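Visitor: sequence and predicted structure, then a few things I'm wondering about:
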Amino acid sequence: MGGHAEYTCRPEKKVAMKPANMTYEEAAAVPFAALVSLQFLRNKGGIQSGHKVLINGASGGLGTFAVQLAKYFGAEVTGLCSTTNLELVQSIGADRVIDYTKEDFTKEGQSYDIIFDAVGKSSFSKCKSSLSQNGIYLSTVATIPLLLQMLWTSMIGGKKAIFMIAPYRIADLIFLKELIEAGKVKSVIDRCYPLSETAEAHVYVEKGHAKGKVVITL
Ligand SMILES: NC(=O)c1ccc[n+]([C@@H]2O[C@H](COP(=O)([O-])OP(=O)(O)OC[C@H]3O[C@@H](n4cnc5c(N)ncnc54)[C@H](OP(=O)(O)O)[C@@H]3O)[C@@H](O)[C@H]2O)c1
């Protein structure tokens, strides 16, 4: 959130032990991306076993965790990504993958209980017809129309649009540590950069095509 450093001062209640089966690089990829995906899918989406879930941006930092978490919760997962990432998204457990450069999932006639737009590239209006009767569109990126739709859909029954700024909860980090140690979730790391090349790391990520997470090493 605005800087990178070798050390940071945190209150003891704000830290969890690193998963024993991860390298430091793999562990560094977890706290924000996996937490955010968990909170969107479980806390806002109310994900349940048997739910049909579509993840947009399934190959990205949030998306690679979201696919694995949705599978852990027993959902039937469809991942949306471009051609080069189809194999990656399948390898982390997606039941089905759709190449967004070739197919428009909204024209397929499928309906989903949750559409998690991890990269905020779609919209509630576009996804609405692909949501089940009480389906939920979750987006990590706020836009004015989305905030208005969120307000409007919160007042009526049926399909919902939801955005939030995910809170940092240590209990969720501990939950993720347990899932990782049980082999249910892993980090997908695209590249590692040394601290001195942090600017290059940001340039790469901001191009918007990272495959999983980019990590700064020390
Ligand atoms: N609300 C919150 O609390 C919160 C918290 C954290 C992050 N965020 C937001 O979440 C967003 C996603 O973060 P992230 O770290 O997952 O991003 P990221 O890792 O940079 O996402 C990169 C991925 O997005 C995919 N992508 C790019 N354009 C796409 C498109 N048009 N359709 C579908 N997929 C596309 C890319 O796949 P291809 O190369 O295959 O295109 C790539 O794998 C960011 O905007 C961030 O600000 C919000």
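Guide: Received the coordinates, thanks.

Visitor: ranges for the strands of the protein?
Guide: 52-56, 76-81, 96-99, 112-117, 131-139, 160-163, 189-194, 213-217 (DSSP state E).

Visitor: how near is the residue nearest the centre of the chain to Y193?
Guide: For the chain, the residue whose C-alpha lies nearest the mean C-alpha position (Cα atoms, centre = their mean) is L62; its distance is 3.0 Å. Taking Cβ to Cβ, to the nearest Å as the measure, L62 and Y193 are separated by 20 Å. Glycine gets a C-beta too; all of them are placed from N, C-alpha and C.

Visitor: likewise for S59?
Guide: Counting by Cβ to Cβ - S59 and Y193 are separated by 19 Å.

Visitor: now do the contacts for M17.
Guide: By Cβ atoms under 8 Å, 6 or more residues apart in numbering, the contact set of M17 is K177.

Visitor: no, scratch that, I was asking about F116
Guide: Taking Cβ under 8 Å, 6+ apart as the test, what F116 contacts is 37, 40-41, 45, 53-56, 66, 70, 138.

Visitor: which one of the strands of the chain lies closest to the ligand?
Guide: strand 76-81 (4.3 Å; Cβ to the nearest ligand atom).

Visitor: picking that back up, surely the residue nearest to the centre of the chain touches L35?
Guide: No - contact between L62 and L35 fails when scored by Cβ atoms under 8 Å: they sit 9.7 Å apart.

Visitor: turn the strands of the chain into a markdown table, columns for mean pLDDT and distance to W152.
Guide: What follows is those, written out as a markdown table (pLDDT from 0 to 100; distance: least, Cβ to Cβ, whole Å):
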| stretch | mean pLDDT | distance to W152 |
| --- | --- | --- |
| strand 52-56 | 98 | 22 |
| strand 76-81 | 98 | 25 |
| strand 96-99 | 98 | 28 |
| strand 112-117 | 98 | 17 |
| strand 131-139 | 97 | 13 |
| strand 160-163 | 98 | 8 |
| strand 189-194 | 97 | 38 |
| strand 213-217 | 96 | 35 |
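
Visitor: so which of the ones you listed is the most packed in?
Guide: Mean neighbour count, computed with mean count of other Cβ atoms under 10 Å, is highest for strand 52-56 among these, reaching a mean of 28.
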